[in-house]
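Peer 1: just to be clear, the model below is a prediction. Sequence and coordinates:
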Amino acid sequence: MSIEASATFTVMEPDTLRRMFAGELGPDRDFFIYSRHFNPTVLNLGRLMAALEGTEAAYCTASGMSAISSVLLQLCSAGDHVVAARTLYGGTHALLTHFLSRACNITTSFVDIRDHEMVKREIVEGRTKVLYFESMSNPTLTVANVPELCRIAHEKGVKVVVDNTFAPMVVSPARLGADVVIHSISKYISGGADIIAGPFTFLTLDILFMLWKPLPYPRKKAIFTLKYGVEFTCEPDSDFQSRDLILDHSDYGIISWIDQTDTNASTGAVCGPASLLNSMMDLHQGALMLLGPTMNPKVAFELSERLPHLGLRMKEHCHRALTFAVRMKKLGLKVVYPGLEDHPDHELLKSIANKDYGHGGIICVDMETEERANRLMNLLQNCTQFGLMAVSLGYYETLMSCSGSSTSSEMNGREKSWLASHRGW
């Protein structure tokens, strides 16, 4: 596949332009107008995303947030209502709480996504247009019962939009009934923290991936003692060929432990029915066409080269995450990971997950206070050279952040309590 970097495209006959703007000719027949509408290279990536998720169509955007906002603005009008999970990425929460209500008069009710009766009560027939949630939530790793939530929403004529950024290939929301699936491609699909993109798939997943790069590992055991006498031992591990951190005690703070991640450009994708995608690309009323969150064709080309080995990378991410989660739990740490049998959604995830793809590549460690979380992150990065303090995920090195003071920092105290997110998240 070549890179088609043109912003505009020529035609052979004057009447062709008229027919293209009238919707008689389009990219399905290799007629292109302008890259903000459709670009051949970006369209090819969209087709790969749709094939990955089993949806009719997919469109890739410049960022995950542009994918989310475009979908919501297409599905909702002024005065409409959204029911959304309480546990969401902070940027999505801010969009729903502040921007859409102020600028568009679109209101949102937040619910405990595990409480299906609450979900039913908050849906206002005739007014609620979207049920929005994450397949595996950021940052609490709550797993949504996608089939049951889709059943509830569809019975009331509500569209289901699922952000699957935390669980690409682990869960396939479209195959479980979701109408639209959104991903931040900057994460697992990109795998290198060097691309920002936001594909959204209509009845499909948009996936981001992580690449694994072996880390250097110490030749001798190193022991670090903190203020409270807590010892952290770092020793070689020939199985992982990376620094294998062994924590001897757990009295520290809440840390989002992200196994292997990435940092340079953003992308997103939407997957779903062709009819919805076509409406979003309508020259006169389409949110994608008129808002213009266009992906760079060069970025699309690079992502299309990375997609084929996403499955291998996701399996390895999930395998390593489970291994570290088990080891840390044995040491007494408060570990939250859906792959552990004591996780409240462990059996649910087993019932809806794709076979052999594990339980996700992210681990959360409850350290109780922000101070303790920061101490641990500082120790790991600056004393043992294990991991990097940074937001994002899906990278080929371990990333860690304290969510309460970073990606969820715009939430107020009441909202953070929904996440069990204290100052130490």
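Peer 2: Received it, and whenever you're ready, just let me know what you need.

Peer 1: distance of the closest residue to Leu25 other than its chain neighbours from Leu290?
Peer 2: Nearest non-adjacent residue to Leu25, counting by Cβ to Cβ, 6 or more residues apart in numbering: Phe31, 4.1 Å away. Using the backbone N, CA and C atoms, a C-beta is placed for each residue, glycine as well. Per Cβ to Cβ, to the nearest Å, Phe31 is found 20 Å from Leu290.

Peer 1: likewise Leu73?
Peer 2: 9 Å.

Peer 1: ditto for Leu17
Peer 2: Per Cβ to Cβ, Leu17 is found 19 Å from Leu290.

Peer 1: check Gln385 too.
Peer 2: From Gln385 to Leu290 the distance is 48 Å (Cβ to Cβ).

Peer 1: just Leu43 next, same as before
Peer 2: 19 Å.

Peer 1: who has more neighbours out of the two?
Peer 2: Leu43 (21 against 15; other Cβ atoms under 10 Å).

Peer 1: which ones are touching that one?
Peer 2: Pro27 (Cβ atoms under 8 Å, 6 or more residues apart in numbering).

Peer 1: quick check, distance from the stretch of helix or strand it belongs to to the centre of its chain.
Peer 2: Using DSSP states H and E, Leu43 maps to helix 40-53. With Cα atoms, centre = their mean, to the nearest Å as the basis, helix 40-53 stands 18 Å off its chain's centre.

Peer 1: ok, now stretch 292-305?
Peer 2: On the basis of Cα atoms, centre = their mean, stretch 292-305 sits 18 Å off its chain's mean C-alpha point.

Peer 1: hmm, Asp282 is touching Met289, no?
Peer 2: Yes. Asp282 lies in contact with Met289 (Cβ atoms under 8 Å); the separation is 6.2 Å.

Peer 1: quick one: the helices in the stretch 201-350 of the chain?
Peer 2: Ranges of helices in the stretch 201-350 of the chain, per DSSP state H, counting those that start in this stretch, are 274-280, 287-291, 297-306, 310-330, 346-352.

Peer 1: what does the average pLDDT come to for stretch 185-192?
Peer 2: If you average the pLDDT over stretch 185-192, you get 81.

Peer 1: give the partner strands of the host helix or strand of Ile363 in its sheet and their orientations.
Peer 2: Element membership for Ile363, per DSSP H and E: strand 362-366. Paired strands of strand 362-366, with direction, are strand 255-261 (antiparallel), strand 334-336 (antiparallel) (DSSP bridges).

Peer 1: mean pLDDT lowest for which of those?
Peer 2: strand 255-261 (a mean of 34).

Peer 1: picking that back up, got the buried residues for the helix holding Leu43?
Peer 2: Buried residues in helix 40-53, counted by 16 or more other Cβ atoms under 10 Å: 40-46, 48-50, 52-53.

Peer 1: those into JSON lines, with extra columns for distance to Ser351?
Peer 2: Output for the buried residues of helix 40-53, formatted as JSON lines (distance: Cβ to Cβ, whole Å):
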{"residue": "Pro40", "distance to Ser351": "40"}
{"residue": "Thr41", "distance to Ser351": "38"}
{"residue": "Val42", "distance to Ser351": "35"}
{"residue": "Leu43", "distance to Ser351": "35"}
{"residue": "Asn44", "distance to Ser351": "34"}
{"residue": "Leu45", "distance to Ser351": "31"}
{"residue": "Gly46", "distance to Ser351": "30"}
{"residue": "Leu48", "distance to Ser351": "28"}
{"residue": "Met49", "distance to Ser351": "25"}
{"residue": "Ala50", "distance to Ser351": "25"}
{"residue": "Leu52", "distance to Ser351": "22"}
{"residue": "Glu53", "distance to Ser351": "19"}
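
Peer 1: now, which of those sits nearest Met12?
Peer 2: Nearest to Met12 among those, counting by Cβ to Cβ, is Pro40 at 16.9 Å.

Peer 1: from Cys271, how far off is the closest residue to Arg175 other than its chain neighbours?
Peer 2: Leaving aside its chain neighbours, Arg175 sits nearest to Gly54 (5.7 Å; criterion: Cβ to Cβ, 6+ apart). Separation of Gly54 from Cys271 (Cβ to Cβ): 9 Å.

Peer 1: likewise Gly387?
Peer 2: 32 Å.

Peer 1: more crowded one of those two?
Peer 2: Under the neighbour definition other Cβ under 10 Å, Gly387 and Cys271 were set side by side, and Cys271 has more, 39 against 22.

Peer 1: could you check how far that one is from Met49?
Peer 2: 6 Å.

Peer 1: can you count the residues close to the closest residue to Ala84 other than its chain neighbours?
Peer 2: Here the nearest residue to Ala84 in space, its sequence neighbours aside, is Tyr132; by Cβ to Cβ, 6+ apart that works out to 4.3 Å. Counted with other Cβ under 10 Å, residues neighbouring Tyr132 total 26.

Peer 1: likewise for Ser69?
Peer 2: 23.

Peer 1: could you find the closest non-adjacent residue to it?
Peer 2: Nearest residue to Ser69, sequence neighbours excluded (Cβ to Cβ, 6+ apart): Leu95, at 6.1 Å.

Peer 1: spell out the secondary structure type for that neighbour.
Peer 2: In three-state terms, and counting by DSSP: H, G, I helix; E, B strand; the rest coil, Leu95 is helix.

Peer 1: pull the contacting residues for it.
Peer 2: For Leu95, the contact set (Cβ under 8 Å, 6+ apart) comprises 65, 68-69, 72.

Peer 1: my guess is Gly286 contacts Gln74. True?
Peer 2: Yes. Assessed by Cβ under 8 Å, Gly286 is found in contact with Gln74 at 7.2 Å.

Peer 1: any common contacting residues for these two?
Peer 2: Residues touching both Gly286 and Gln74 by Cβ under 8 Å, 6+ apart: 279-280.

Peer 1: neighbour-wise, which of those two wins?
Peer 2: A count of neighbours by other Cβ under 10 Å puts Gln74 above the other of Gly286 and Gln74, at 22 against 17.

Peer 1: which strands or helices does the helix or strand hosting the more buried one pack on?
Peer 2: In this assignment (DSSP H and E), Gln74 forms part of helix 64-75. For helix 64-75, the packing partners by 3 or more Cβ pairs under 8 Å, 6 or more residues apart in numbering; DSSP states H and E come out as helix 90-94, strand 128-134, strand 159-163, strand 180-182, strand 196-202, strand 266-272, helix 274-280, helix 287-291.

Peer 1: pull out the buried positions in the helix or strand just after the first one.
Peer 2: Per DSSP H and E, helix 90-94 leads on to helix 100-104 as the next helix or strand towards the C-terminus. Burial within helix 100-104, assessed by neighbour count using 16+ other Cβ under 10 Å, is assigned to Leu100.

Peer 1: done for today, thanks.
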